[in-house]
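Asks: build the 3D model from these lines:
(3 chains)
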Amino acid sequence: MTTLSVSLTVNGKKVSADVEPRTLLVQLLRENLHLTGTHVGCDTSQCGACTVHVNGDSVKSCTILAAQADGADVRTIEGLAQAGVLHAVQEAFREHHGLQCGFCTPGMVMSSADLLVKNPNPSEHEIRTWLEGNICRCTGYHNIVKAVQHAAQTLRQTAQAAE
Amino acid sequence: MYAFDYTRPTSVADAVATLASDSDATVLAGGMTLIPTLKQRLAQPSQLVDLGALPGLAGIRREGDTLIIGAMTRHADVARSEIVAAALPALAALADGIGDAQVRHRGTIGGSIVNHDPAADYPSAVLGLGATVVTDRRQIAADDFFTGLFATALEEGEIVTEVRFPLPKRAAYVKFPNPASRYAVVGVFVAETGSGVRVAVTGAGPGVFRAGNFEAALTASFTPKAVEGLVWSADDLNSDMHASAGYRAHLIGVLAKRAVATIA
Amino acid sequence: MSVTSIGTSVKRREDKRFLTGKGNYTDDMNRPNQTHAYILRSPHAYAKIAALDVSAAKAAPGVVAIFTGDDMKVGSIPCGWQVHSKDGSPMKEPPHPPLAQGFVRHVGDQVAVIIAETYSEAKDAAELIEIDYHPLPAIADAKKALEPGAPPVWPDVAPDNLCFDWHIGDKAATDAAFEKAKWVAKLDLINNRLIPNAMEPRAAIGDYDVSNDLHTLYTTSQNPHVIRLLMGAFVLGIPESRLRVVAPDVGGGFGSKIFHYAEEAIVTWAAKQIERPVKWTAERSESFMTDAHGRDHHSHAELAMDDQGRFLGLRVATIANMGAYLSTFAPAVPTYLSGTLLAGVYTTPAIYGEVKAVFTHTVPVDAYRGAGRPETTFLLERLVDVAAEVSGIDRVELRRRNFIPPDAYPYQTPVALQYDSGDHAGCLDRALEKSDWAGFPARKAESAARGKLRGIGLSTYLEACGIAPSAVVGSLGARAALYEVGSVRVHPTGSVTVFTGTHSHGQGHETTFAQVVSDQLGIPIESIEIVHGDTDKVPFGMGTYGSRSLAVGGSAIVKAVDKIVAKGKRIAAHLLEAAEADIVFADGKFTVAGTDRSKAFGEIALAAYVPHNYPIETEEPGLEETAFYDPKNFTFPGGSHICEVEIDPDTGVTQVVRFTAVDDVGRVINPMIVEGQVQGGIVQGIGQALLENCVYSEDAQLLTGSFMDYCMPRADDVPFITVDHHTTLCTHNPLGVKGCGEVGAIGCPPAVINAVVDALKPYGVSHIDMPATPEKVWQAIQAARPAAAAE
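Replies: Reported below is the predicted structural model:
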């Protein structure tokens, strides 16, 4: 079996691993790096539970080979809170009950966090459309959308305060 | 996935040479179709030739009345490009509606048109605008490029490098997404170009195609009214559990009219 | 200090771990020296396995072992509920082996397990297994499966595919009622087949401790004790004392993780064979073809009315698809969880229901969020709308005329159940107000100006949950009891660990249950831990389904805390040198009534564990109590849901634009969590009504085998949802709670379809089956257009 050596930055730390070429990024994260917060909910790239950031963009880590992420900067749900302080999106999900079973949550949070970088003031419609790539079976999305709206507000206020 | 080898060439020439030397090798662009296909063990390539490291294949530029998009340009980059927004907003809107946000962060225009999924969005723009597909060895007119279901005019091992879109006077794309997969059940791209009105339809048939009767009607009068009541035959259209051929034929008319209405 | 937190939206204590990627789901776990299993499944709906050769696969790289049905000769996966036919004969009950014994009976049926060092190696090796299948004719449609000559699923057990032919109610009285009818409303409808699709695919890890002969199963289950009982006693013959079942964090269930599945038995059994842990995790495509499906009923219903629109009689005949094997609760769903609710919220005096349960070559069908009650509610609430059409009586008024009035409670229905409380007109009034029912015409006109058809629909429902009284369900065929256990361990310093037999997989028990205990003991929530999901820690309990956790499990905890308080009073009486009868417990303090002499809860706990000054003659040391609570009755949540849709007549696309739910779920402990449960249920209901459909081909190939074809509701498919309450308390459990987990999925679908039919009224549409997909709606419009045009 041929293996490849891949090196990447995950949550700010440089990591390397020897993997089969057919290894997916999500497998590298979960199996090699034991970052099990990133979940696998489907095999057709639709549920979005595996969403992580690769070079600052949300992607489905079940649909990218570990080899393709060689040299990339990857952030997972485990790397979103800084110094023990929840990210505004995490905090808003907690505050607004944007999660129930928690399985889709890491992907939902990572996807939402990416949205708010790209669109700091999204409309309800823009939030719902952006989250097309993340399926939740528990919440009916109501509180997820509310949480993203509130996180957006918090982040805008933080940004204004910093100016 | 079956086991495979993986290479990541750093020049188009190297990529072409690798493909020429291994007929079971497959090109990996964004991987949004290929990787799910491999995961389901529906394909068994000997190796993947990842174009992700090729220099110069990703990028958007305008040269006069032509918009040029590199083959490895991601949907998200087309969707939020100021150049595309100014020159060809219909294309930006189309790119912004492909798959979902995460897919748009990986999927590429080259991968989309080479795959020629009958329900993909991009082929309708390429055909509807009469674009030119540029490869490592030649230029192919859109009318010659898409040859059938998941089939194109590309030779074995030929690599698309960019797509050149002649800028139209006006253009619009309207899509009726499959509620589950969000692929196009039907998508209609309407454009008034320098060489006449073109109407390209995706999702409905075994591949993207032009709707001649709609083009003729819109050539006579570029108004929603001109296509009202026009019928596209259901005979050669797809029929599946999501939409019958008759329904798809009906949607072609509805979407064409709506596309025209947005720009008429 | 007052710690009254009941009724407040305490933020969930479980969220931090989920939000930071620290959840502990089964697939996140790995055991030392673990192997990986891939399960080879049948591509055929029905076939004889003529030959099976695993020799080449066994030699493949990394393979540890391969087992087929010839190797794994164990007990049959049992069905937990026995229904009898009209003639008194028991249901036909075919065997359900974990690995196929010579035949496969649905696409996805287990044929062999390949165990290897890695999952990829196991899957690679599976391709080397040679199987000679002899395909046989197969059938998926339950109605057609009953026709003469249909391919049998079980030629020896049930050659006509009929599992049972059950009935409920008084046929003669009902027929007599129809004789007197002024109007009769009739309806044929299909309750579409659904695939539950909890976001976490099922997974299981079998672990075997050779030195102590102990088995451990980690599994994605809603009820680890039930799995231990079914698998240990019936399938593998392992005594409970040697079998531990752990269900850690579980990513949603919706019913689909109640049932004992073959894979659980396979990994538990195989781990012993190879003396290494065996891990299996479903790929989503496997979930589609192995998780028990839901609904799949065909019904014909008739409602007789007098000249005032009062319901005189109801007749219903249903054909229910059981799939190829009888899953754990399957026979109960169309019968005791469905037929017993045919009265709904109405005073219909004569009711007769019949159910034919049918085997087909499909995945077993069992309880899915609502389990029987959505089926009946959809049928009734569609039928009442048809009755309104037939009689010309306004649909709101018609419902009002037939509601069971609040003063009629407790109300004995003609179909076994006795409802304890409810106020249906109150729910309806509030829903009409919250939804601005009166303002609908203006909104309809506004939609019309944009070329859209707008419709409004309602449902007024009641359901039975909090399952359930053991003696009652036992008399109805349940093979297990349905009480629940709560165990409260007070630690020496006064902190508390609560063990519950229910399981939380999204419902927030760690928060809600802690609120209940905090309120009762007057101590902070932070001092209370809730433990669930491990048979080695928790006494025997029945798990979470049927919206029973708070009503039954919460009540058990309350009873256990009552015992703690009672013992605490006796200890306090000793310490305070007062009579036990004079001790009152409030706000975390045991006080001598009418004095300021008191002992804090923590002091009593310490005294119990350091019994220096203690009534040791009469009291054991320690402070730990367990209660098993068996409810006296079901609980009966109800409510009124109102939906507004907008339809694009050119494409048939239907969008839910407003949704209002006013539910009576009894006392609300945590409003935030209850609203979340209701919203989630409603969106599953919208999914059933508009988007979701499990489709099999004629010959029983599964056509909707992935999210590419099975349409899950997405954020952009639904609007914000208005949730409100109109509460009457449950009269027979200590908390007055009724249950909220399923009301959304139960009340919603008929409101949506009633709205769609309302919108399509100009086209003469009187019914549309779920899901009302764009093409179906467009076809309905097309079918009517010539008539509409002629007007």
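Asks: mind listing what the closest residue to residue A:36 other than its chain neighbours touches?
Replies: Counting by CB to CB, 6 or more residues apart in numbering or on different chains, residue A:36 lies nearest to residue C:28, which is 3.8 Å off, once chain neighbours are set aside. The C-beta positions use only the backbone N, C-alpha and C, and glycine is treated the same way. The contact partners of residue C:28, taken as CB atoms under 8 Å, 6 or more residues apart in numbering or on different chains, are A:30, A:36, C:249.
Asks: how far away is the last one from chain B?
Replies: In this structure, residue C:249 and chain B are separated by 24 Å, where distance is defined by CB to the nearest CB, to the nearest Å.
Asks: ok so, going back, got a markdown table for the contacts of residue C:28, with pLDDT too?
Replies: Compiled in a markdown table, the contacts of residue C:28 are given as follows (pLDDT from 0 to 100):
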| residue | pLDDT |
| --- | --- |
| A:30 | 98 |
| A:36 | 98 |
| C:249 | 97 |
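Asks: of these, which belong to strands?
Replies: Among the contacts of residue C:28, the subset assigned to strands under DSSP state E is empty.
Asks: which non-adjacent residue is nearest the residue in chain A positioned nearest to chain C?
Replies: Here the residue of chain A nearest chain C is residue A:37; by CB to the nearest CB that distance is 1.8 Å. In space, and not counting its chain neighbours, residue A:37 is closest to residue C:21: 1.8 Å by CB to CB, 6+ apart.
Asks: and that neighbour, how far from residue B:115?
Replies: 34 Å (CB to CB, to the nearest Å).
Asks: before we move on, what about residue C:755?
Replies: From residue C:755 to residue B:115 the distance is 40 Å (CB to CB).
Asks: so for these two, which sits in the more crowded spot?
Replies: More neighbours surround residue C:755 than the other of residue C:755 and residue B:115, with 29 against 18 (other CB atoms under 10 Å in any protein chain shown).
Asks: per-residue pLDDT, that one?
Replies: pLDDT recorded at residue C:755 is 98.
Asks: could you do the one 3 residues further on as well?
Replies: At residue C:758, the predicted lDDT confidence score is 98.
Asks: again with the one 4 residues further on
Replies: With respect to pLDDT, residue C:762 scores 94.
Asks: low-confidence ranges, chain C, go.
Replies: Counting by pLDDT under 70, chain C shows low-confidence ranges at C:1-4, C:786-791.
Asks: for it, what's the longest helix?
Replies: The single longest helix within chain C, with elements called by DSSP state H, is helix C:555-575.
Asks: with chain A instead?
Replies: Max-length helix for chain A by DSSP H is helix A:142-162.
Asks: which elements pack onto that one?
Replies: Judged by 3 or more CB pairs under 8 Å, 6 or more residues apart in numbering or on different chains; DSSP states H and E, helix A:142-162 is in contact with helix A:88-95, helix A:105-118, helix A:124-130, helix C:671-686.
Asks: got TSV for those, with distance to chain B too?
Replies: Formatted as TSV, these follow (distance: least, CB to the nearest CB, whole Å):
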stretch	distance to chain B
helix A:88-95	15
helix A:105-118	7
helix A:124-130	5
helix C:671-686	12
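Asks: got a markdown table for the ones you listed, with mean neighbour count and distance to residue C:520 too?
Replies: Listed next are those as a markdown table, based on neighbours: other CB atoms under 10 Å in any protein chain shown; distance: least, CB to CB, whole Å:
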| stretch | mean neighbour count | distance to residue C:520 |
| --- | --- | --- |
| helix A:88-95 | 23 | 26 |
| helix A:105-118 | 26 | 31 |
| helix A:124-130 | 18 | 40 |
| helix C:671-686 | 27 | 18 |
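Asks: still on that earlier bit, hang on, the residue of chain A closest to chain C packs against residue A:80?
Replies: No. Shown here, residue A:37 and residue A:80 do not form a contact pair, counting by CB atoms under 8 Å, at 9.2 Å.
Asks: mutual contacts of the two, please.
Replies: With CB under 8 Å, 6+ apart as the test, residue A:37 and residue A:80 both reach residue C:20.
Asks: which of these two has more residues huddled nearby?
Replies: Higher neighbour count among residue A:37 and residue A:80: residue A:37, with 27 against 23, using other CB under 10 Å.
Asks: okay, the more buried one: pLDDT?
Replies: pLDDT at residue A:37 comes out at 98.
Asks: measure it to residue A:51 for me?
Replies: 11 Å.
Asks: mutual contacts of these two, please.
Replies: residue A:106.
Asks: how is chain A carved up into domains?
Replies: A:4-79, A:88-162 (automatic domain parsing).
Asks: give me the residue from the stretch 151-264 of chain B nearest chain A.
Replies: Closest point on the stretch 151-264 of chain B to chain A, by CB to the nearest CB, is residue B:182, at 6.6 Å.
Asks: got the buried residues for stretch B:149-156?
Replies: Buried residues in stretch B:149-156, counting neighbours by 16 or more other CB atoms under 10 Å in any protein chain shown, are found at B:152, B:154.
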